[in-house]
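Colleague: Next come a sequence and a model predicted from it.
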Amino acid sequence: MKTVAITSVPGFDEWREASRECLAHGIPPEDIIWQNVQSVQDDLFGHQEQTRATNKHQIKHTIPKSALVLFKYALCHSDTKRFALCYRVLWRMIYENRNLIQLKTDEDIIQLYMLVKAVKRDAYKMSAFLRFKELEIEGKEHFVAWYEPEHYSLEIKLDFFRTRFKNMRWSILTPYRGAHWDTETLLLEDNPDPSAVPDDDRIEKYWLTYYANIFNPARIKTNAMLNQMPKKYWKNMPETSLIDDMIKQSGARAYKMIIDGNKH
Amino acid sequence: MHDKLIQKLEILSDAAKYDASCASGSAGKRQAGKTDKTGIGSLTGGSGICHSFTPDGRCVSLLKILMTNYCIYDCHYCINRVSSNVRRARFSVKETVDLTLNFYKRNYIEGLFLSSGIVGSPDLTMESMVRIAKSLRLDHGFKGYIHLKTIPNASPELQAEAGLYADRLSINVEMPTQPSLNKYAPEKDLGAIHGAMNTLKDKITEHKVDKTHSGKRPPRFAPGGQSTQMIIGADDSNDKIILGTSVKLYSEQKLRRVYYSAFSPIPDASQVLPLKPAPLIREHRLYQADWLLRFYGFTLDEIVHDEMLDMDHDPKLAWALRNRHIFPIDLNKADKMLLLRVPGLGARTVQKILSIRRHTKLNWIDLTKMRLPLKKLKPFISVGDYSPNIHLLDSNNFELQFKQPKQFELFGG
């Protein structure tokens, strides 16, 4: 039995390194215990074998780039089983079927796609629902956001924010990591302090005004809204504070539209 | 000063909510500041991001506002018609530009969707709209999405200029037929609308296909194409007439998208209008049918059997119920076009089936793993180890099992 401890999140690079080593030693998936940071601490007395660099004649295994992309997404999932699953798929691609990832009825592949899908959705919601607030730092505008992704989605979306807001100074803070951009360099910081995010923003009132007025009270479809924007996201979206009242008043507003319309 | 801006925003976003379109995608990929230190924004290449959702279930992707709701026209279905008593307001070019940029910087939106009432003359209105788009692009290096609702009677030169800065242009046909336009929008002329659409179509294709004799491409022109909107249920046009109009707009004017908007009561409505809103389910069925016409290889006659779509079943299921003789379809053998006709199989699932088929034969257990809507599929398909009871398809009360409880409310709230 070999124990591999991944000490960072999401842990893609460490996983890749460890997987290469395990493959080089021909260690099958069922002989590896993958641990993340927390479970290592719980298991202080477990034995960690030192097998590093004992095998010189490494065989170079190649896998399709499309599979690597899938692993990258899957490894940003918060479930610790991601490491073992990805290694098992990797192993099976090499020894069983090179085209395994196309076999969408295979149990491992179904699992892998489920992780990928969850991460993609979480990352998409981050690019959609994250809200910047404006600060002034040394006379320059700086935009700060606090966001709580379900998975390690910051890593997936950094490129998006860097591209879209390249000439803007911004900081995105999540519970596990913060990213700071000064229009040229990106600085990462673990466990950032959420109190750096201001409560107010000078434009927010216009956004709330827009949100309340672009909505049509004659066609309430609360479930359609909740499917796309479940309540777990509401906390950091200022406009969601209006929703309850908008729904409560919609009946009366729609009724008034009809009554007014029929007065002539 | 600020409170005044809030009031304007209230009036001019309220007036824009009757437009169904919120799309902000399919205009390609681009980004600001790739080589220099100016500008803001990007298009990601896919469909645009929905930054929020309102309780009507609609996506908020763009700052969708009217430049002004003053209007010299008297279209009955429109809340901003000259004879309506609504409060009026007008944004300046700078106010619109600042609001767009400030919203964009906070990650509220993908860009701007600007339309307008006709103030002064069509040309004067169009000119101000173009100035807003031009200022965003040239003064601020804005690379986000811009959709301009063009004014049909504005000069071709202004239309052409709009296309240089906008990602998408649209002209609403509003009503599917000229008689309906005569009744509800007396100043609008279907021929003129089609003419303006054709001008835009030529410009759009010119950029896509040709290089000029000097080998250079003509300037970028509305890469996201054009779209339009029809109001459903204000006039008495049936679904076949409505979808027939769409089919022509897609094939002749090469529209990217036709939107359907169920007529909904407006404050201070005109007497010619119906008193009640059109059922949302009708709008929903039209969108489903529109999709089948564009992506699933169905023809208009196949989709609309009668004059109206079946409200109880989605149009694909309704077609299958009328054509039971071609079922069950063997998922291991049928070609793509046939698979697309199976109720419960979407385009993506069909692609998946085709890719799996290359490696292995499909059995029932595989369908369960793929999380398909088995109850719906069951009577219409066969796989390696499963085929349906043939009598089921022939039974008289077969379609009853698909009947769903009413989901859509006629009146909100």
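Modeller: Perfect, I can see it now. What you see is a predicted model, and the numbers here were worked out from it, not measured in a lab.
Colleague: make it CA atoms for all contacts and neighbour counts henceforth
Modeller: Fine.
Colleague: domains in chain B, as residue ranges please.
Modeller: As assigned by automatic domain parsing, chain B contains the domains B:2-303, B:315-402.
Colleague: now the first one, how far from the chain's geometric center?
Modeller: Pointing back at domain B:2-303 there. 9 Å (CA atoms, centre = their mean, to the nearest Å).
Colleague: What of stretch A:11-25?
Modeller: 22 Å.
Colleague: List the buried residues of it.
Modeller: The neighbour-count check on stretch A:11-25 (16 or more other CA atoms under 10 Å in any protein chain shown) flags A:11-12, A:14-16, A:18-25 as buried.
Colleague: possible to save the domains of chain B as CSV with mean pLDDT?
Modeller: Shown next, in CSV, are the domains of chain B (pLDDT from 0 to 100):
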stretch, mean pLDDT
domain B:2-303, 89
domain B:315-402, 90
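Colleague: Please enumerate the strands of the stretch 1-150 of chain A.
Modeller: Along the stretch 1-150 of chain A, the stretches classed as strands by DSSP state E, counting those that start in this stretch are A:2-5, A:32-35, A:133-137, A:140-146.
Colleague: which other residues reach the next helix or strand after the longest one?
Modeller: The helix or strand immediately downstream of strand A:140-146 is helix A:153-164, counting by DSSP states H and E. Residues outside helix A:153-164 that contact it (CA atoms under 8 Å, 6 or more residues apart in numbering or on different chains): A:73, A:76, A:119, A:122-123, A:126-127, A:174, A:177, A:181, B:31-32, B:40-43.
Colleague: do you know how far A:Lys81 is from chain B?
Modeller: Separation of A:Lys81 from chain B (CA to the nearest CA, to the nearest Å) stands at 20 Å.
Colleague: Near chain A, which residues of the stretch 51-200 of chain B? Just list them.
Modeller: B:51-58, B:64, B:102-103, B:105-108 (CA under 8 Å from any CA of the partner chain).
Colleague: Residue numbers of the stretch 1-150 of chain A in contact with chain B?
Modeller: Proximity of the stretch 1-150 of chain A to chain B (CA under 8 Å from any CA) is limited to residues A:102-105, A:110, A:127-134, A:143.
Colleague: Reformat those residues as CSV; add neighbour count, pLDDT and distance to B:Arg324.
Modeller: Converted to CSV, the residues of the stretch 1-150 of chain A next to chain B look like this (neighbours: other CA atoms under 10 Å in any protein chain shown; pLDDT from 0 to 100; distance: CA to CA, whole Å):
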residue, neighbour count, pLDDT, distance to B:Arg324
A:Gln102, 16, 88, 33
A:Leu103, 19, 88, 32
A:Lys104, 20, 86, 30
A:Thr105, 19, 87, 29
A:Ile110, 16, 93, 33
A:Ser127, 20, 97, 45
A:Ala128, 19, 97, 44
A:Phe129, 21, 98, 46
A:Leu130, 21, 98, 49
A:Arg131, 23, 97, 52
A:Phe132, 26, 98, 55
A:Lys133, 22, 97, 58
A:Glu134, 23, 96, 61
A:Phe143, 24, 97, 59
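Colleague: Run through the residues that contact the spatially most central residue of chain B.
Modeller: Compute the mean C-alpha point of chain B, and by CA atoms, centre = their mean the closest residue is B:Tyr259, 3.7 Å away. By CA under 8 Å, 6+ apart, the contact set of B:Tyr259 is B:20-21, B:227-230, B:287.
Colleague: nearest to chain A, of the residues you listed?
Modeller: Nearest to chain A among those: B:Ala20, at 10.6 Å, using CA to the nearest CA.
Colleague: helix/strand/coil for that closest one?
Modeller: Look at B:Ala20: counting by DSSP: H, G, I helix; E, B strand; the rest coil, its state is coil.
Colleague: residues in contact with it?
Modeller: Neighbour list for B:Ala20: B:229, B:259-261 [criterion: CA under 8 Å, 6+ apart].
Colleague: which non-adjacent residue is nearest residue 127?
Modeller: With no chain named, the answer covers chain A. Leaving aside its sequence neighbours, A:Ser127 sits nearest to A:Lys157 (CA to CA, 6 or more residues apart in numbering or on different chains; 6.9 Å).
Colleague: switch to chain B, that's the one I care about
Modeller: Counting by CA to CA, 6+ apart, B:Glu127 lies nearest to B:Leu158, which is 6.7 Å off, once chain neighbours are set aside.
Colleague: How many neighbouring residues does residue 93 have?
Modeller: You didn't pick a chain, so chain A it is. A total of 18 residues lie near A:Met93 under the criterion other CA atoms under 10 Å in any protein chain shown.
Colleague: you looked at the wrong chain, it should be chain B
Modeller: Residues lying near B:Val93 (other CA under 10 Å) number 17.
Colleague: Surely it and B:Val130 touch.
Modeller: No - in this structure, B:Val93 is not within contact of B:Val130 by CA atoms under 8 Å, at 9.6 Å.
Colleague: how about the strands in chain B?
Modeller: B:29-31, B:42-44, B:52-53, B:59-60, B:62-66, B:111-115, B:145-149, B:168-170, B:226-232, B:257-262, B:329-330, B:381-382 (DSSP state E).
Colleague: List the contacts of the longest one.
Modeller: Identification of contacts with strand B:226-232 by CA under 8 Å, 6+ apart yields B:19-21, B:168-176, B:197, B:200-201, B:254-263, B:278, B:283.
Colleague: if you set the cut-off to 6 Å instead, what comes out?
Modeller: Applying CA atoms under 6 Å, 6 or more residues apart in numbering or on different chains, the external contacts of strand B:226-232 come out as B:168-175, B:255-263.
Colleague: what does the third one give?
Modeller: Strand B:52-53 is contacted by residues A:225, B:59-60 when judged by CA under 6 Å, 6+ apart.
Colleague: Including distance to B:Leu338, could the strands of the stretch 1-150 of chain A go into JSON lines?
Modeller: Formatted as JSON lines, the strands of the stretch 1-150 of chain A follow (distance: least, CA to CA, whole Å):
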{"stretch": "strand A:2-5", "distance to B:Leu338": "50"}
{"stretch": "strand A:32-35", "distance to B:Leu338": "46"}
{"stretch": "strand A:133-137", "distance to B:Leu338": "52"}
{"stretch": "strand A:140-146", "distance to B:Leu338": "49"}
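Colleague: all helices of the stretch 151-264 of chain A, in order?
Modeller: For the stretch 151-264 of chain A, helices defined by DSSP state H, counting those that start in this stretch occupy the ranges A:153-164, A:204-214, A:222-228, A:243-261.
Colleague: do the stretch 301-413 of chain B as well
Modeller: In the stretch 301-413 of chain B, the helices defined using DSSP H, counting those that start in this stretch lie at B:315-322, B:336-339, B:347-357, B:364-369, B:374-377, B:390-394.
Colleague: okay, those helices in a markdown table with mean neighbour count and distance to B:Ile242 next?
Modeller: What follows is the helices of the stretch 301-413 of chain B, written out as a markdown table (neighbours: other CA atoms under 10 Å in any protein chain shown; distance: least, CA to CA, whole Å):
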| stretch | mean neighbour count | distance to B:Ile242 |
| --- | --- | --- |
| helix B:315-322 | 19 | 15 |
| helix B:336-339 | 17 | 25 |
| helix B:347-357 | 16 | 24 |
| helix B:364-369 | 14 | 37 |
| helix B:374-377 | 14 | 29 |
| helix B:390-394 | 13 | 32 |
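Colleague: As TSV, those with distance to chain A would be great.
Modeller: Formatted as TSV, those follow (distance: least, CA to the nearest CA, whole Å):
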stretch	distance to chain A
helix B:315-322	21
helix B:336-339	18
helix B:347-357	6
helix B:364-369	6
helix B:374-377	16
helix B:390-394	27
